[in-house]
Structures are given as C-alpha cells and as structure tokens.
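> Please work out how this folds:
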Amino acid sequence: MCASKVRVGIVGVGNCASSFVQGLAHYRDSSENATPAGLMNTDVGGYRTGDIEIASAFDVSAAKVGSDVADAILAPPNNTFRFAEVPRTGVTVLRGRLLDGLGKYLKDDIEISSLPEADVARELKQSGTEIVVSYLPVGAQRATEHYALCALESGCAFVNCVPVFIASSRSWRERFEKARLPLMGDDIKSQVGATIVHRVLANLFRERGVRIDRTYQLNFGGNSDFKNMLERERLESKRISKTQSVTSQFDAPLEPGNVHVGPSDFVPWLTDRKWAYIRLEGTTFGGVPLNLELKLEVWDSPNSAGVVIDAVRCAKLALDRGVGGALIGPSSYFMKSPPRQFSDAEARALTLAFMRGDSGYDQH
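Residues are numbered from 1 along each chain as shown. Sure, this is the predicted structure:
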C-alpha cells in the first residue's frame, strides 16, 4: 500500500468523467485479494482505486461550473448509467477555456458559464493536482493543446483520452520528456469496446492464416459525443484514430475503399449506450470465403472508466520514478492511437512489466 494519493484533475465533466468519479466511489473499498467485476487491476504498483482522489475539475457549462463535482456529474446533458452514490468531493468545477471545445450541434444544449475563466495552470498547482485527464469533446484540437500546455506549466502528467494527437506527436512527446513529465495518449480504448473487439478479431484472422479483404465498423449512440460528431469536420480525428488502431493489426494494408471504421449516427433514445456493428470478409484455405459479423451493445462511458483508473495509476508510478515523456507500454494498451502500436497481447505484457517496474523495461 502506498502512503501517497493519486491526485487527478478532470478537464470536461461529461459522461466519461461521471463514470470515472462514480467508479472511484464504487471501488473505493475493493478487496486486496480479489479483482472485482469491472476492474482490470485492483493493485497497480501499490496504488489501489481508493488512493485516487479528485483534486480539480474544469468545464464551461453553466450547469456544472460552480458546483461540487459530485453534483456536476449529474447535470444535463450527462445521461450515463448511475451505478454509485458519490459523496461530495469538496472540489468545485471551475470555468475552463472554451476555444474549440463546443461544436455547433451542442451549442443549443449547453449554456456557457458567465463566471470568469480560471487560471488553469495556477489552479492545478494550488490544488496539488498531479495528473490531468482530458475528457474534452471530439474535435477539440486547440482546447486539448491548451490543457496540455497547462499540464506542462504546472508540472502535471497528462492523460489524453480524446482523439487529438498529443502523445503520438513527436514535438509534444519531446516537450513532456524534457520536462520529465509523463504523457499518455491518444484516445482512450474502452475495456471491451468496438475498437478492441475489432482488433482482436483482426488478429485472430491474421494468426489463423485468413486474409482480410474488407471490413467495416459502424457505431452509433445517443450521448453528446455522438451528437457532436454529426459535425463531420470534428469527426475526422476520431475516424483516423479508430481506423489506425484496427488496421495496425493487418499484415498487409487494405485499399482505402475496403475499410471503414468510425461513428455513423446519433440516436437520442440510446442515451449513453453505444451500438457497434462489425463485419470482416476474408479469404481462407483454398481461396474459400469466410465472413464474420457481430453486434456489440455497451454503455459507452462506464466502458472506458476502468481503463482510465489504471491509466492514472500508471501515470502516478511514472511520476514517482521520475520518468518523463510518452509511456509507450501503457499508451499502447490503454489508447487507440499511441506512439507505437503493438498487438494487444504484447501491449498488455509491456504494461504489466511497467506496473511491476521490471528492470530492463525500456519505457521509450
């Protein structure tokens, strides 16, 4: 058991933040001797879920800014599954910087707070935040870069859960490495989501000698992220991130017209549920065709929260060890667009080695 806490700052108090904060309450007293349903790891380098605490939070919504985090996670348009009662945290959501963090389809749903914008870097320092988790909306390029800079200025690790390319950008990696601050990203990979299922199936085909000829993954849901992605310009980075994650598992690249991976529509009554349809068409022994098709139904935000619980604990271990720059192993396991892609089995082995602090583990 570690004596210190893992102090996390949240950027964007939406559905994903709600599930993460609920998870901290739900698993706070999880047993050391058993891994409860929903957690991949009870213990990460001596840190348990109960060691994680919210230190700061930032948003732009009038319904959330000025509220305790425990109240803000319940404010609309949040609509995810409520599985835990969250006690008051004593942390007030502060007004962040808007920039490009709000797409045109959400402007009618979210009233912007009139409170003064916080000095984010100063607030991170004063609150004792160690790790900044970005839950900004898809397409928030400038806003994500702004908070990455704030993390650097305040001496914080940065966990980028959105499809803006920070950890997979050499220039950003070098800045965090120079500052000796951990960086993890980009675009969180859900626990059992459409991307990892698609990757595992692609690997199954490859390892069993089946050539993949064509594939698609179609996703739709009813949360604000899917509504935001109706703006096709904001969708592009998400489409690239998901496509690269899947196609990285192919032996030979497919023609662009033979692969389609990405969100496709917004269905309000699904709320925070996501439905994914995946199809792979291949050629097997003797040139005989083989086709596979499945449907996956998940609650979108809880599906990523357990992964973030492990990611922030890995970031804390890196801080303890004085490791800066992109965390290659954990990024490859937890994120869709890491600096380096591995198979999921290799990524898991690298991550477990990092958690153990194995000698000879090459972080970079």
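> mind listing the helices for the stretch 251-364 of the chain?
Counting by DSSP state H, counting those that start in this stretch, the stretch 251-364 of the chain forms helices over residues 302-321, 328-334, 344-356, given from the N-terminal end onward.
> Identify whichever of those lies nearest to E85.
For E85, the closest of the helices of the stretch 251-364 of the chain is helix 302-321, at 15.3 Å, according to C-beta to C-beta. All C-beta spots, glycine's among them, are computed from the backbone N, C-alpha and C.
> Can you list the buried residues in the closest one?
Along helix 302-321, these residues count as buried under the neighbour rule (16 or more other C-beta atoms under 10 Å): 302-319.
> what does stretch 202-211 give?
If you call a residue buried by 16+ other C-beta under 10 Å, then stretch 202-211 has these buried ones: A202, F205, R206, V210.
> next one: stretch 72-82
If you call a residue buried by 16+ other C-beta under 10 Å, then stretch 72-82 has these buried ones: A72, I73, L74, A75, N78, N79, T80, F81.
> repeat for stretch 228-241
N228, M229, R234, L235, S237, K238, R239, I240, S241.
> Which two among the residues you listed are spaced furthest apart?
Between all members of the buried residues of stretch 228-241, the longest pairwise span (C-beta to C-beta) is found for N228 and I240 and amounts to 16.3 Å.
> re the thing from before, same list (the helices of the stretch 251-364 of the chain) but as TSV, adding mean pLDDT and distance to S30.
Below are the helices of the stretch 251-364 of the chain laid out as TSV (pLDDT from 0 to 100; distance: least, C-beta to C-beta, whole Å):
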stretch	mean pLDDT	distance to S30
helix 302-321	97	11
helix 328-334	97	20
helix 344-356	95	17
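> Just the strands from the stretch 1-150 of the chain, written as ranges.
Across the stretch 1-150 of the chain, reading from the start of the chain, the strands by DSSP state E, counting those that start in this stretch fall at 6-11, 43-44, 47-48, 52-59, 94-95, 131-134.
> So for G257, which of those strands sits nearest?
Closest to G257 of those, according to C-beta to C-beta: strand 131-134, at 33.3 Å.
> quick one: contacts of the closest one?
6-12, 17, 20, 124, 144, 147-148, 150-151, 156-162, 308, 311-312, 315-316, 319 (C-beta atoms under 8 Å, 6 or more residues apart in numbering).
> same deal with stretch 321-329?
Residues from elsewhere that reach stretch 321-329 (C-beta under 8 Å, 6+ apart): 167, 173-174, 176-185, 314-315, 318, 338-340, 347, 350-351, 353-354, 357, 361-364.
> at 7 Å what do you get?
Surrounding stretch 321-329, the residues in contact under the criterion C-beta atoms under 7 Å, 6 or more residues apart in numbering are 167, 173, 176-177, 179-184, 314, 318, 339-340, 347, 350-351, 353-354, 363-364.
> Could you give me the buried positions within that stretch?
Within stretch 321-329, the residues that qualify as buried are V323, G324, G325, A326, L327, I328, G329, counting by 16+ other C-beta under 10 Å.
> coming back round to it: possible to save the strands of the stretch 1-150 of the chain as JSON lines with mean pLDDT and distance to T284?
Putting the strands of the stretch 1-150 of the chain into JSON lines (pLDDT from 0 to 100; distance: least, C-beta to C-beta, whole Å) gives the following:
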{"stretch": "strand 6-11", "mean pLDDT": "98", "distance to T284": "46"}
{"stretch": "strand 43-44", "mean pLDDT": "94", "distance to T284": "40"}
{"stretch": "strand 47-48", "mean pLDDT": "95", "distance to T284": "45"}
{"stretch": "strand 52-59", "mean pLDDT": "98", "distance to T284": "46"}
{"stretch": "strand 94-95", "mean pLDDT": "98", "distance to T284": "56"}
{"stretch": "strand 131-134", "mean pLDDT": "98", "distance to T284": "42"}
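> so E293 touches R279, yeah?
Yes: under the contact definition of C-beta atoms under 7 Å, E293 touches R279, with a separation of 4.5 Å.
> Of the two, which one has the most company?
For E293 and R279, the more surrounded residue by other C-beta atoms under 10 Å is R279, and the numbers stand at 16 against 10.
> thinking again about what came up before, could you pick out which of the buried residues of stretch 228-241 are located in strands?
Of those, none are assigned to strands by DSSP state E.
> So, low pLDDT: which residues of the chain?
For the chain, the stretches with pLDDT under 70 are 1-3, 31-34, 359-364.
> Apply 50 and report the result again.
Counting by pLDDT under 50, the chain contains no low-confidence range.
> Any idea which residue is closest to the centre of it?
Within the chain, the residue whose C-alpha comes closest to the C-alpha centroid is I188; the distance, by C-alpha atoms, centre = their mean, is 2.5 Å.
> would JSON lines of the buried residues of stretch 321-329 with distance to H198 be doable?
Formatted as JSON lines, the entries for these read as follows, by distance: C-beta to C-beta, whole Å:
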{"residue": "V323", "distance to H198": "31"}
{"residue": "G324", "distance to H198": "32"}
{"residue": "G325", "distance to H198": "29"}
{"residue": "A326", "distance to H198": "24"}
{"residue": "L327", "distance to H198": "24"}
{"residue": "I328", "distance to H198": "22"}
{"residue": "G329", "distance to H198": "21"}
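> Pick out the most distant pair among these.
In terms of C-beta to C-beta, those reach their longest pairwise distance at G324 and G329, which sit 14.9 Å apart.
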